[in-house]
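Colleague: when you get a sec, could you give me coordinates for this:
(4 chains)
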There are 4 protein chains.
Amino acid sequence: MQLGMIGLGRMGANIVRRLMLDGHECVVFDTNADAVASLVAEGATGAASLEELAAKLQTPRATWVMVPASITGRVVDELAAVFEPGDVIIDGGNSNYRDDVRRAAKLSESGIDYIDAGTSGGVFGLERGYCLMIGGPDAAVRRLEPIFRTIAPGLGEIARTPGRSGDPAPEEQGYLHCGPSGAGHFVKMVHNGIEYGIMAALAEGLNILQNADAGTREAEHSAEIAPMEEPEFYKFTIDTPKVAELWRRGSVISSWLLDLTAAALEENHDLHGLAGRVSDSGEGRWTVKAAVDVGVPAPVLASALFERFASRDEDQYANQLLSAMRLQFGGHKELPTGDVLEAGGRKADAQG
Amino acid sequence: MQLGMIGLGRMGANIVRRLMLDGHECVVFDTNADAVASLVAEGATGAASLEELAAKLQTPRATWVMVPASITGRVVDELAAVFEPGDVIIDGGNSNYRDDVRRAAKLSESGIDYIDAGTSGGVFGLERGYCLMIGGPDAAVRRLEPIFRTIAPGLGEIARTPGRSGDPAPEEQGYLHCGPSGAGHFVKMVHNGIEYGIMAALAEGLNILQNADAGTREAEHSAEIAPMEEPEFYKFTIDTPKVAELWRRGSVISSWLLDLTAAALEENHDLHGLAGRVSDSGEGRWTVKAAVDVGVPAPVLASALFERFASRDEDQYANQLLSAMRLQFGGHKELPTGDVLEAGGRKADAQG
Amino acid sequence: MQLGMIGLGRMGANIVRRLMLDGHECVVFDTNADAVASLVAEGATGAASLEELAAKLQTPRATWVMVPASITGRVVDELAAVFEPGDVIIDGGNSNYRDDVRRAAKLSESGIDYIDAGTSGGVFGLERGYCLMIGGPDAAVRRLEPIFRTIAPGLGEIARTPGRSGDPAPEEQGYLHCGPSGAGHFVKMVHNGIEYGIMAALAEGLNILQNADAGTREAEHSAEIAPMEEPEFYKFTIDTPKVAELWRRGSVISSWLLDLTAAALEENHDLHGLAGRVSDSGEGRWTVKAAVDVGVPAPVLASALFERFASRDEDQYANQLLSAMRLQFGGHKELPTGDVLEAGGRKADAQG
Amino acid sequence: MQLGMIGLGRMGANIVRRLMLDGHECVVFDTNADAVASLVAEGATGAASLEELAAKLQTPRATWVMVPASITGRVVDELAAVFEPGDVIIDGGNSNYRDDVRRAAKLSESGIDYIDAGTSGGVFGLERGYCLMIGGPDAAVRRLEPIFRTIAPGLGEIARTPGRSGDPAPEEQGYLHCGPSGAGHFVKMVHNGIEYGIMAALAEGLNILQNADAGTREAEHSAEIAPMEEPEFYKFTIDTPKVAELWRRGSVISSWLLDLTAAALEENHDLHGLAGRVSDSGEGRWTVKAAVDVGVPAPVLASALFERFASRDEDQYANQLLSAMRLQFGGHKELPTGDVLEAGGRKADAQG
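Modeller: Below is the predicted model of the structure:
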């Protein structure tokens, strides 16, 4: 069938390619004319404006918006202005599901259907397909199912879950209508929250392995931290890049994020050039806030988020306060840091 | 080559089967004679005692011990008593790596080599192969490499990591010599610690999805907890079994543990019959203690462990204390629980 | 000076009493006529309606609203309807500071000043005074300073902080103008977030002490959890009520919450009758969400909140999922709980 | 009565002073002769060696050892060599309670009693008294009760807990016989674990307040982190030194650690000169390991410990791994840090 696409960054462009490979027709627009030209060369129909895009689409129209979350609202509004009742706007970006709820309500007043399609897959999606988490009105979602089916990975080489047989269900093909508007991005949000947790679990574990030789370098920082107990049990030098590769096959923790970890460590064994200041892109935060709102514990997801904050030194003031308190009860006001305990050679002085 | 196997539970028996399928010869022993007979019927050589097992193995001998961690020490001692210098004992169970360090030192006095082989794969290993994390002396590990190669999964259908080419390295085949005695179980320990973290990330996230309808049932527990803010954003009824299936293809969090989650939810949609009292088997605890010992943060792995403790109500006394404190500063001594805040219709009374 | 008070629950009534003891004049209203009559008997001026309350106050009026957070908005609106430009409404309840920001903006259109006064002190405040965290316009806050000074504890017997001398600053007397509207409840919110953290630290620590005898009762639950390592180090029977009392004097952790803990344990040594289902009243949640919004790590405050959720079994679905996953990779589908590992006497079977 | 004191650092010397003020007789030793001379000038009896100390004490002797934990074992051994059956050695330092259990067993073979006395109070103890958590044999502890009573704070000005009356119990006077050898340091260990938790709660909360203006400086780091939602609610400039002072009177979180925080912020308003690298001295680690061993959740205490590790950048490798993974699935290999999301102006590119 026919689909408009607004936003021809890597993901938008690759979704268009994937659709055209499967016989769909795409009308594409981007503020960057080169991006449009490039896809036109591959068989897409180009548009130089939203009006032109609307004109080139048959009614009822359907257009996928794949732009940065910060401008999605504006683009949707502009598109709605040139669309008609019965048309569908799909937001495939990383919007907060609350914005979906608000936008859907507003657009429904104009008779335009709004679909939120949480899209996972990153740069590998062209080949691998994109996992689609979809929210929106039943009829509109059903009408666009051929599009979703093409974008999604399909069954592929992944074994079917025991107990499932017959025609594969949509969720087995990698797309799912999760509920009304907002439900798609809600599920995508939690997906990313889980992603943070899995990434953190891998990173923490590998950090322990990386420090399995702590017993051999104890002397260095004895003035800074408590002396290690039983250093004889921490004298391993573990090759973490090899371990990450090892776990990819046959282990319980084999996963795509482990694959990426192994690839990263193969590419850059000692991670040189990486400062370790870890960004977060919104969904991890929204997930924690959702957990708090609905009242379910999420200490793992929250810890994973907070570790990212701390990696960017957002814990600085708190840590200074801790040092300041220790100076107070240690009575070693002249010292700036943890040297407190050993000052004057008398650890017992500073004890709590 | 030839290998002895002590302990013919599911994993021990399946490792034997996997070895025989690949042309190795196995001499097997178990206190359960039926288990021995069963494998003899499949081509193994049976032994009725450790002495007989030792007698039927060519020197230098090699024997894999696959018994519960609680009796590994005793079995290793008994086996060492009938073994000779140059022989090798492999512990494939879930020992604490500290026991490996101690055992290896002791056995080396008798000239016997000790290898710890952390083994992951569970009931799927016969077909899928077992991921092997190996610690021990270089020569002994090298000599047994044909055994490890067979037990391990091999490259299989899993794509090679970008940048890797040529003959596959051991870690690509699913086995790795991680270091001296103890290193294998150390890596296995951290592997399981990560496993706890990933499981918890999935469980927490799906719990949020399961409660995405909290805004529709607010009234029920208004006396127990804070009133929900913006309940209009929590009115989704998410089909978590379908979502778990969905994420298996194309998503960033696709993983074997997600596969198991989808299988569990396909088999038992509403998880009936599960009390939610979650056991832990040691490695998760040891991982957290190792993190503390080497001084690296592991809040995700620790939280995952503590959630299991809490699932078994090991937080009971702490929670009673919290209720008791709230009663004190709320001044509502007659009430046993959280009803404090609304007693007398005056929430402001109990405020901190 | 003169102050109106709406809401004569324990806190509202006691604030009135504290004001009258210091020579202030109070006009009081409550939907409960008995509550009004009781304070009239103690010297207050009663009002049977908001109109009457407004009529009995000299302009510019000032009235303190001390009602449950859920109805504060309505009461403020009704009061504003009978107030005039230049009057002041003070919200002393547990409002979310965001509501303050909204209300202040709205009331300012009518020329009415809005002050949010986060109030801590609970049932002890009549005698001890109430700690006041105040937000609002400078002039209005300054005008009401005599009221705040009376409600607050004053210097009392608490030693002045080293370096402070001369006339005590407002913050030393227990009240502080923290910033514009909302700032008072923002500080109060974080105060309560910290309160959750301190309570949890005490509860977790005492729970460890309570279980310091775990090495003596290991056998009981061996099928449920990992066997204890080195049980010989966990054979203490600690009298936690005595320890709580002990720490009140001379220790680093002496605190008012510890005083309450000691009082609770003195009153109810074994905490009988307490189910350990711990409520939360909003501020702890808002604090975690604020930490997420501003991007600073708050794992301690978040963990404290999540422990309360878990105490109410809000982790149930997550825990069932963990059990379900373990059944999958343990291959012991028939067993509902943690018995997995020992089924068939072969721990190695279920290993990761 | 008479007491020997080994180790005349600030705490040891002040305990001697406190004892002499109350009429006890002290025989003192330190490797630093000046420290001995100084106390002799104040009335103590000096000793130039352990032998001399033993000779100057009446039998049955009692000596308090107040030296750094790292040398306690050696000093105790040397002292035992010059002591006789019936004598008592008291370890007042910060030993791991496991060492107490081992030392007590060993010394009991020589008929020497060993008492562990966890001592809290820091530099304020001379005036305020020291909270004593005591483990050891009944008879020995009972015999030394006059010493403990003097060192402890006594009832002081702190109100008695409701329900307690008559002669104050030992725990009300600030000392408690907690159980057999090791019990004292076990309780002290948990005390310090709680201390970490309370300190962290205060530090996290004040860090949120310090960043309550995040909405005013959003633009700065927009490329690094998710854009703030609703910045209009984060425009407060909170004076955290004043808030810390404020909370000291009348609030629920008033505590000695808050007093120290207020003092630290009064002394150094902006905490200049503090790097925020926070040491830990052992007990916090042991507490977490004890929680893991006995199987009770302690996420608050563990998080507090892990925050200290992270403050010293012990999370560096984990954070580098997270950045490396993000680069992999974002496909922006050239960029070292969080700029990933905005590369090419297309946030949607890097989405999970």
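
Colleague: the closest residue to residue A:300 other than its chain neighbours: how many residues sit nearby?
Modeller: Excluding the flanking residues, the one nearest residue A:300 by CB to CB, 6 or more residues apart in numbering or on different chains is residue B:200, at 4.4 Å. C-betas here are computed from N, CA, C, even on glycine. Per other CB atoms under 10 Å in any protein chain shown, the neighbour tally for residue B:200 reads 32.

Colleague: tilt between the helix or strand where residue B:200 lies and helix A:183-210?
Modeller: Element membership for residue B:200, per DSSP states H and E: helix B:183-210. Taking axes from the mean of the first three to the mean of the last three CA atoms, to 10 degrees, one finds helix B:183-210 and helix A:183-210 inclined to each other by 160 degrees.

Colleague: which SSE is immediately downstream of helix B:183-210?
Modeller: Counting by DSSP H and E, the next helix or strand C-terminal to helix B:183-210 is helix B:240-246.

Colleague: could I get the average pLDDT for the following helix or strand past that next one?
Modeller: Remark: after helix B:240-246, the chain's next helix or strand is helix B:256-267, criterion DSSP H and E. The average pLDDT for helix B:256-267 rounds to 97.

Colleague: stretch A:105-125 now?
Modeller: Mean pLDDT, computed over stretch A:105-125, is 92.

Colleague: quick one: check it for contact with chain D.
Modeller: Yes: remark: stretch A:105-125 sits within contact range of chain D at A:119, A:120, A:122, A:123, A:124, by CB under 8 Å from any CB of the partner chain.

Colleague: now the end-to-end length of that stretch.
Modeller: 31 Å (CA to CA, to the nearest Å).

Colleague: ok and the residue in the stretch 1-150 of chain A nearest chain C?
Modeller: Chain C sits closest to residue A:96 of the stretch 1-150 of chain A, with a gap of 12.7 Å, by CB to the nearest CB.

Colleague: isn't that residue up against residue A:69?
Modeller: Yes: between residue A:96 and residue A:69 a contact is recorded at 7.5 Å, counting by CB atoms under 8 Å.

Colleague: between these two, which contacts overlap?
Modeller: Shared contacts of residue A:96 and residue A:69 (CB atoms under 8 Å, 6 or more residues apart in numbering or on different chains): residue A:282.

Colleague: re earlier: by neighbours, which of the residues of stretch A:105-125 next to chain D wins?
Modeller: The most crowded member of these, judged by other CB under 10 Å, is residue A:119 (32 neighbours).

Colleague: can the helix or strand that contains that residue be said to contact chain B?
Modeller: Per DSSP H and E: residue A:119 is located in strand A:113-120. Yes: counting by CB under 8 Å from any CB, contacts between strand A:113-120 and chain B involve residue A:120.

Colleague: what's the closest non-adjacent residue to residue A:17?
Modeller: Spatially, and ignoring its direct neighbours in sequence, residue A:17 is nearest to residue A:126 (5.9 Å; CB to CB, 6+ apart).

Colleague: looking at this, the one you found is in a helix?
Modeller: Yes: according to DSSP: H, G, I helix; E, B strand; the rest coil, residue A:126 belongs to a helix.

Colleague: please name the residues that touch it.
Modeller: Counting by CB under 8 Å, 6+ apart, residue A:126 makes contact with A:14, A:17, A:18.

Colleague: and for residue A:84?
Modeller: Contacts of residue A:84 by CB under 8 Å, 6+ apart are A:59, A:60, A:61, A:111, A:112.

Colleague: which secondary structure element is home to it?
Modeller: Counting by DSSP H and E, residue A:84 is part of no helix or strand.
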